[in-house]
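**Q** just coords:
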């Protein structure tokens with residue numbers, strides 16, 4: 001029984017990390033596509049748009065790191081909380 005519960009936790013962590021990675025990839029793609037679109041419309045505002053794009057990418061990339069921390073907690077505590 002304990003092995004089955006551990007297997008369920010392992011699958012949950014794998015799904016958590018996989019979906020976080022996919023979501024991050026989609027988010028990065030959207031942020032950068034909007035950056036290219038904004039520079040194409042207003043090339044003189046390239047610097048300020050780039051700063052906003054970097055901030056957006058940093059926020060998007062924070063979610064997989066948080067998911068990794070939750071995954072490690074779930075994996076190593078596995079129902080002990």
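**A** That came through fine. From a predicted model like this one, the values you see are computed outputs, not experimental measurements.
**Q** and the lengthiest helix in the chain, what does it pack against?
**A** Scanning the chain for the helix with the most residues, using DSSP state H, yields helix 2-41. With contacts taken as 3 or more C-beta pairs under 8 Å, 6 or more residues apart in numbering; DSSP states H and E, helix 2-41 sits against helix 46-77. Heads up, the C-betas are built off the backbone N, CA and C, glycines and all.
**Q** relative to helix 2-41, how tilted is the helix it packs on?
**A** Angle, helix 46-77 to helix 2-41, by axes from the mean of the first three to the mean of the last three C-alpha atoms, to 10 degrees: 180 degrees.
**Q** list the buried residues of helix 46-77.
**A** 49, 53, 56-57, 60, 64, 67, 71, 74-75 (16 or more other C-beta atoms under 10 Å).
**Q** could you dump these into a markdown table and include distance to residue 38?
**A** Compiled in a markdown table, these are given as follows (distance: C-beta to C-beta, whole Å):
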| residue | distance to residue 38 |
| --- | --- |
| 49 | 5 |
| 53 | 8 |
| 56 | 11 |
| 57 | 14 |
| 60 | 16 |
| 64 | 25 |
| 67 | 29 |
| 71 | 34 |
| 74 | 39 |
| 75 | 40 |
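**Q** tell me the two of those residues that are most distant?
**A** In terms of C-beta to C-beta, the buried residues of helix 46-77 reach their longest pairwise distance at 49 and 75, which sit 39.6 Å apart.
**Q** quick check: residue 68 vs residue 57, distance?
**A** With distances defined as C-beta to C-beta, to the nearest Å, the gap from residue 68 to residue 57 amounts to 17 Å.
**Q** leaving out the residues flanking it, which one is nearest to residue 78?
**A** In this structure, residue 78 finds its nearest non-sequential neighbour in residue 9, 4.8 Å apart by C-beta to C-beta, 6 or more residues apart in numbering.
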